[in-house]
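>>> Prediction below, plus the sequence it came from.
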There are 2 protein chains.
Amino acid sequence: MQQNLRIPGPTPIPPQVAEALARPMINHRGPEFAAIIERVTSRLKYFFQTEQRILTFPSAGTGGWEATVVNLFSPGDAILSVVMGVFGDRFAKVAQTFGLNVTRYDVPWGQAADPDELIRQLVALPSARAVFLTHNETSTGVMNPLQTLVSAIRKQRPDILIAVDAVSSLSCVDVQMDAWDIDVVLTGSQKGWMVPPGLAMIALSERAWAATETSTLPRYYWDFRSAYKYLVKGQTPYTPPVNIFFGLDVALEMMQAEGREAIFARHQAVADVARARARAIGLELFAAPAVASNTVTAIKVPEGIPAKAITKAMRENEAVVIAGGQEQLEGKIIRIGHLGYVHEQDIQDAMDALNRQLQELGFRAPITIMME
Amino acid sequence: MQQNLRIPGPTPIPPQVAEALARPMINHRGPEFAAIIERVTSRLKYFFQTEQRILTFPSAGTGGWEATVVNLFSPGDAILSVVMGVFGDRFAKVAQTFGLNVTRYDVPWGQAADPDELIRQLVALPSARAVFLTHNETSTGVMNPLQTLVSAIRKQRPDILIAVDAVSSLSCVDVQMDAWDIDVVLTGSQKGWMVPPGLAMIALSERAWAATETSTLPRYYWDFRSAYKYLVKGQTPYTPPVNIFFGLDVALEMMQAEGREAIFARHQAVADVARARARAIGLELFAAPAVASNTVTAIKVPEGIPAKAITKAMRENEAVVIAGGQEQLEGKIIRIGHLGYVHEQDIQDAMDALNRQLQELGFRAPITIMME
């Protein structure tokens, strides 16, 4: 029985993409690969909404953060890191590991960053060279109001570097890198791109590019300058994950045919279904409606039912794979992913299954919620 | 027309492995992936010939070098780096980039390291904490006498760290990590393993593991301690390249069925064919017979014929993809890869094609060689 993979990445792979992954291997320094990386890069620009440099690395998304830190900064550089969950925390920790002077704006998990509070913190840190933001916090199902935050930061500090972790939002939700004036946008192949994990993608503004020249942190694998030097020749400094590129090439063609706006609308519609069905079952959403993510829905675990029992029953009895909570949210939430290759029926099926398994586990919807 | 991919990695993919690459995606934190990473790790131990820790990273092979440097060393640490081509040079440069005090033993390209000279250099550098060695130098087609070198180093310095780049040799050629007492052995999925690029694999001795505790270099993505902490739970710290694992799982099963010794013998036989055919055509081999690699054969470009014309004619007229030389060897050699998924007929076909295309390009074998 084929699983309904409903975690917030890796996501299911469309059949055309799966077929491409199995293509015969090619020379990564030959004309076929050069044509692919050129086409992929140009199509990525449409989804990043940028005309600037986009680099790729054989890596998980976490590598994109490390690459950003070691290429643009020097030990002691002050940065303001907005943390609202596991992944924002990881971004801040990478920066701390490499000796950056990190001030954290800790947002309670389940909420979005507040523009006023963010600006207050920014004003209190005039030495800040950068702000690190998570667009969509995969661990809490909260999506930051990115345009509002970026615009507030830019108004206050026209030249500060703004780095955005868009790992689980880009291509699913509108992110206008150039129009909003963002300096670093990073993502990973296993999220909205409908291909397996293994490739990190990073777009850099001219402002970010200039910072690579002054940074003193040592770098080799993640060196942006080296990656760009090879990219203009249709290559990468060392062996790229060729079969992920095969898949991404096909996925981007499908995505471009569907169109950016249609993809955003599909994610909005599917997320609306996930949230409406959860409430109809009598469950409570973890994120406030105004900031609920369009790519992952976090649901509070009903009292008296262990979270692990739910994810296990879903997997074993329904072949629906959902995620639990991480770190401080372990046991408190379950998460349903709806990004990339996802359609309404996938979510209807997942929520039918969730309803059945919760009943089996003894869940009865509170009367008050049933009457809403 | 299917290409005969005869570069020294990425290598062709067997049909069973290709099929596995296209499998439906799974949760990287679920029981299915845990079973795969456990099985893969245990089978890798058979080929690394070790009972010690083996870690994996979503990365090119170069990442394995960076991981070795940042986990085991501190700025200023003295190391002796044996350089006999592009990849040994890269290993030394990674170490220099991170502030290690690198002494290079530069071997003329096309030759192997000399044990006596290596020991002389080691004696002259009593502060050395490690020796970095390339087992098989992919850029020159030279294979170091690894056991001889390691045994000489170990005799001289029983506790020094010995790190071996076995990227293009491991699984094709005998490397006995535990028996020979090597501390770090690293490789990449696109070489002898018959799967696409995207996964680096690194084995660590107890001596190497102890060094991770005293190293002061900052590390996050490459952190061995974090990778091992997750491995014992059947996971990785961040999203692994799941479909490469699907492929590797199947490839390792095939390889184990064939058997270590039979695989080594197949590589020996295929390399013998490559060398014999090259000489029969009237071509000169770049590496001395005693140290010629069993995974890649470097051939001197005949005078008067541009190397690029050969690789182009082979690709366009024969669908045989071979590699040129790199850096100081560009234009001077061509390279035929014969590692991983390779059988005698692949090499016979490639050499038939080479013979035809060289004739077309005006090559006539020197009489002296024809009469040998």
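Looks like it arrived, so ask away.

>>> What pLDDT does the model give the residue nearest to A:L199 when sequence neighbours are not counted?
Excluding its sequence neighbours, the residue lying closest to A:L199 (Cβ to Cβ, 6 or more residues apart in numbering or on different chains) is A:S189, at 4.0 Å. Using the backbone N, CA and C atoms, a C-beta is placed for each residue, glycine as well. Note on A:S189: pLDDT of 98.

>>> What distance do you get for A:S189 to A:F57?
Distance of A:S189 to A:F57, computed by Cβ to Cβ, to the nearest Å: 11 Å.

>>> Mutual contacts of the two, please.
Counting by Cβ atoms under 8 Å, 6 or more residues apart in numbering or on different chains, the common neighbours of A:S189 and A:F57 are A:199-200.

>>> from what I can see A:L283 touches A:K300, true?
Yes: applying Cβ atoms under 8 Å as the test, A:L283 and A:K300 come out as touching, 6.9 Å apart.

>>> out of the two, which sits in the busier spot?
Between A:L283 and A:K300, counting by other Cβ atoms under 10 Å in any protein chain shown, A:L283 is the more crowded of the two (24 against 17).

>>> which residues touch the residue nearest to A:L199?
A:195-201, A:244, A:247-248.

>>> Can you say which two of those are spatially most distant?
A:A200 and A:G247 (14.9 Å; Cβ to Cβ).

>>> who's more crowded, the two?
More crowded of A:A200 and A:G247, by other Cβ under 10 Å: A:G247, with 30 against 25.

>>> Could you pull out the buried residues of the helix or strand containing the more buried one?
According to DSSP states H and E, A:G247 maps onto helix A:242-258. By neighbour count with 16 or more other Cβ atoms under 10 Å in any protein chain shown, helix A:242-258 contains the buried residues A:242-253, A:255.

>>> ok, back up a step: mind checking which of the contacts of A:S189 are in strands?
If you go by DSSP state E, those have A:199-201 in strands.

>>> Assign the closest residue to A:A274 other than its chain neighbours to helix, strand or coil.
What sits nearest to A:A274 in space, not counting adjacent residues and going by Cβ to Cβ, 6+ apart, is A:T297, at 4.4 Å. Of the three states, A:T297 takes strand under DSSP: H, G, I helix; E, B strand; the rest coil.

>>> Quick check: A:L72 touching A:F132?
No: the criterion here is Cβ under 8 Å, and A:L72 misses it with A:F132 at 10.7 Å.

>>> okay, and the common contacts of the two?
Counting by Cβ under 8 Å, 6+ apart, the residues touching both A:L72 and A:F132 are A:A163.

>>> And A:T148, how far from A:A92?
21 Å.

>>> Settle it for me: which of those two has more neighbours?
Legend: neighbour count by other Cβ under 10 Å for A:T148 and A:A92, higher for A:A92 (24 against 14).

>>> Need the per-residue pLDDT for the more buried one.
If you check A:A92, the pLDDT there is 97.

>>> can you check the one 10 residues further on too?
pLDDT, the model's per-residue confidence, is 98 for A:V102.

>>> Could you give the number of residues near the residue nearest to A:A274?
When counting by other Cβ under 10 Å, one arrives at 30 neighbours for A:T297.

>>> in the sheet, who's paired with it?
Under DSSP bridges, the beta-bridge partners of A:T297 are A:I336.

>>> That one against A:V142, yeah?
No: the pair A:T297 / A:V142 is not scored as a contact, 10.6 Å apart, by Cβ under 8 Å.

>>> Quick check: neighbours shared by those two?
Residues touching both A:T297 and A:V142 (Cβ under 8 Å, 6+ apart) are A:A287.

>>> residues contacting A:N4?
Contacts of A:N4 by Cβ under 8 Å, 6+ apart are A:318-321, A:346, A:349-350, A:353.

>>> Skipping adjacent residues, who's closest to it in space?
A:N4 sits nearest to A:V320 (Cβ to Cβ, 6+ apart), 4.5 Å away.

>>> Can you tell me how far that neighbour is from A:V83?
31 Å.

>>> A:L199 too?
For A:L199, the distance to A:V83 - Cβ to Cβ - is 26 Å.

>>> Next: A:L125.
Plainly put, A:L125 is 15 Å away from A:V83 if you go by Cβ to Cβ.

>>> Which of these two has more residues huddled nearby?
The residue with more neighbours, out of A:L125 and A:V83, is A:V83; 23 against 17, by other Cβ under 10 Å.

>>> what is the more buried one paired to in the beta sheet?
Beta-bridge pairing for A:V83 (DSSP bridges): A:D106.

>>> low-confidence ranges in the stretch 251-372 of chain A?
Under the criterion pLDDT under 70, the flagged ranges of the stretch 251-372 of chain A are A:367-372.

>>> Kindly report the residues of it close to chain B.
Neighbours of chain B within the stretch 251-372 of chain A, by Cβ under 8 Å from any Cβ of the partner chain: A:315, A:321, A:323.

>>> and the residue lying closest to A:M143 once chain neighbours are set aside, what does it touch?
Excluding the flanking residues, the one nearest A:M143 by Cβ to Cβ, 6+ apart is A:S293, at 4.2 Å. Each residue near A:S293 by Cβ under 8 Å, 6+ apart is listed here: A:136-137, A:141-143, A:168-169, A:271, A:287.
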